[in-house]
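Peer 1: below is the sequence, then the predicted model.
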Amino acid sequence: MNVARLAAVDAAQAARLLSEARDATLAGRRARIAPRPVIEQSWDRMLRSGVDPDRDFRSGLLSFEEVRRRREESPLRHVLPVLREGLLSVADVAQHIMVVADADGRVLWREGAPPVLRKADGLGFELGADWREDVVGTNGVGTPAVVRRPVQVFAAEHFVRSHTSWTCTGAPITDPRDGRLIGVVDVSGPLETMHPATLAWVDSVAKLAEARLRELHLNALERLRSVAAPVLARLDGRALVVDRDGWTAAVSGMPYVRRVALPKSLVPGCRWLPSLGSCVVEPLAGGWLLRAAEEPLGTATRIVLDLARPRRSTLTVSGSAGSWSRQLSPRHAELLYLLAAHRSGRGAAELAGDLFGDPSRTVTVRAEMSRVRRYFGELLQHRPYRFREDAEIEVLLPDDPRDLLPSSTAPAITRSRTAARGGGPVTR
């Protein structure tokens, strides 16, 4: 059923049909009209995780101080003007509100028509509320965060019954530098305010916000570059200057590296980094100076690829020089999982088949692997692509195989979910 088209003509009829589909699904019966795949998959996750569709569950609100702290630390604060300009004027006219939540599903900003804000209060859609999908069911904040794409949730497509008088349209906002989820922007209102163009509208504004983040990042790198130039001019040997997230501002005596994977809590001193090996780390205003060390400090011996949490894939490396951990983008998590599953290596055509079901898409694969190898340099080898042979690899999978990289549509990942059903976390 084309929900958007039907709702634009007769919202009440669309709501009734969706209510029938929801009731049938929850009762274990085959619905006369099947729910959309993105909604059906979300309902399946809710049933497996034990969310009660008849309970209006509301977790404790964050304190105002905690909301303020998260606002100050969130990159979303930089794009609020873009979101307001793109959404609020139309939202007010359409009797909607704009909601901005962080990557944890916590509502940090909420603006719009006062009557709609009061109705949102009645649903627990308040500042500091937790709207993760596995807490309050299928919704326009939590579901886009899981599937990593825009989603419109209309009427009884909401899993929890008390939300079925509402319509939500949300789009994820990701860090354009590494694909990491930083939050969700949502436009919501009573179900009679639903419009079929809302999904494309919200998605477009979210993309404008990401473009603004990209612009801010380039400006910050340019400022760091001006600081780095006189420092590097005084040095001999190989060195580079990176920002706090590892993005390169300037290099000296070595090939350009776009980004260096840094541990979560980097401190000055002698360190081992995957793309550089042994190096000396020194602080700079807005970043780090990394100088290649003369003597090796040790190499990585153990790599843990943690995919147990659906939205928080990480790679942790331990060795004689210490350990570090890095959160992965969905695409990098897919590639590293496939390489861990095939320790002898995969060629570009094989990875193209794994990811896209099309072995001819080697150009795309080579570009993605080039990015991965820039971040994790010495951990990976090529021809074929593979992890270093002397590294011990451990892969942690979710308890339920259906939660393995849930946003992935790669054929090989889909096959892995099916093959692993019935097992717990797997170590390779």
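Peer 2: Perfect, I can see it now.
Peer 1: for the rest of this, base every contact and every neighbour count on C-alpha atoms.
Peer 2: Will do.
Peer 1: flag the shaky bits of this protein, pLDDT-wise.
Peer 2: 1-11, 56-59, 92-94, 275, 294-300, 319-323, 377-378, 420-428 (pLDDT under 70).
Peer 1: taking the centroid of the protein, which residue is nearest it?
Peer 2: The centre of the chain sits closest to L181, judged by CA atoms, centre = their mean, with a distance of 3.2 Å.
Peer 1: just checking, that residue touches V147?
Peer 2: No: with contacts counted by CA atoms under 8 Å, L181 stays clear of V147, the gap being 10.9 Å.
Peer 1: what sits up against stretch 203-215?
Peer 2: 78-79, 82-83, 86-87, 150, 170-177, 185 (CA atoms under 8 Å, 6 or more residues apart in numbering).
Peer 1: if you could redo that for stretch 137-144, that was the one I meant.
Peer 2: Here stretch 137-144 has contacts from 39, 42-43, 46, 51, 53, 101, 105, 131-134, 150-153, 157-160, 168-172, 184-186, 188, using CA under 8 Å, 6+ apart.
Peer 1: quick one: contacts for the nearest residue to the residue nearest to the centre of the chain once chain neighbours are set aside?
Peer 2: Leaving aside its chain neighbours, L181 sits nearest to T174 (4.3 Å; criterion: CA to CA, 6 or more residues apart in numbering). T174 makes contact with 180-183, 210 under the criterion CA under 8 Å, 6+ apart.
Peer 1: if you set the cut-off to 6 Å instead, what comes out?
Peer 2: 180-182 (CA atoms under 6 Å, 6 or more residues apart in numbering).
Peer 1: one more: F356?
Peer 2: Contacts of F356 (CA under 6 Å, 6+ apart): A410.
Peer 1: repeat that with 7 Å
Peer 2: 410-411 (CA atoms under 7 Å, 6 or more residues apart in numbering).
Peer 1: could you dump the contacts of T174 to a markdown table with distance to R326 and secondary structure?
Peer 2: Output for those, formatted as a markdown table (distance: CA to CA, whole Å; DSSP: H, G, I helix; E, B strand; the rest coil):
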| residue | distance to R326 | secondary structure |
| --- | --- | --- |
| R180 | 11 | coil |
| L181 | 14 | strand |
| I182 | 15 | strand |
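Peer 1: of those, closest to R32?
Peer 2: L181 (36.0 Å; CA to CA).
Peer 1: hang on, that closest one packs against I173?
Peer 2: Yes: assessed by CA atoms under 7 Å, L181 is found in contact with I173 at 6.2 Å.
Peer 1: backbone dihedrals for D358, both of them.
Peer 2: phi -140, psi 100 (degrees, to the nearest 10).
Peer 1: which residue comes closest to A352 once chain neighbours are left out?
Peer 2: P359 (4.7 Å).
Peer 1: and L213, helix, strand or coil?
Peer 2: Here L213 is recorded as helix under DSSP: H, G, I helix; E, B strand; the rest coil.
Peer 1: can you count the residues close to it?
Peer 2: 21 (other CA atoms under 10 Å).
Peer 1: just the helices in this structure please.
Peer 2: 3-9, 11-26, 37-49, 64-73, 80-83, 89-93, 114-122, 133-136, 142-147, 198-233, 330-341, 348-356, 362-376, 411-419 (DSSP state H).
Peer 1: make JSON lines from those and add distance to A250 to it.
Peer 2: Formatted as JSON lines, the helices of the chain follow (distance: least, CA to CA, whole Å):
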{"stretch": "helix 3-9", "distance to A250": "49"}
{"stretch": "helix 11-26", "distance to A250": "56"}
{"stretch": "helix 37-49", "distance to A250": "44"}
{"stretch": "helix 64-73", "distance to A250": "26"}
{"stretch": "helix 80-83", "distance to A250": "30"}
{"stretch": "helix 89-93", "distance to A250": "42"}
{"stretch": "helix 114-122", "distance to A250": "48"}
{"stretch": "helix 133-136", "distance to A250": "42"}
{"stretch": "helix 142-147", "distance to A250": "34"}
{"stretch": "helix 198-233", "distance to A250": "6"}
{"stretch": "helix 330-341", "distance to A250": "25"}
{"stretch": "helix 348-356", "distance to A250": "31"}
{"stretch": "helix 362-376", "distance to A250": "15"}
{"stretch": "helix 411-419", "distance to A250": "38"}
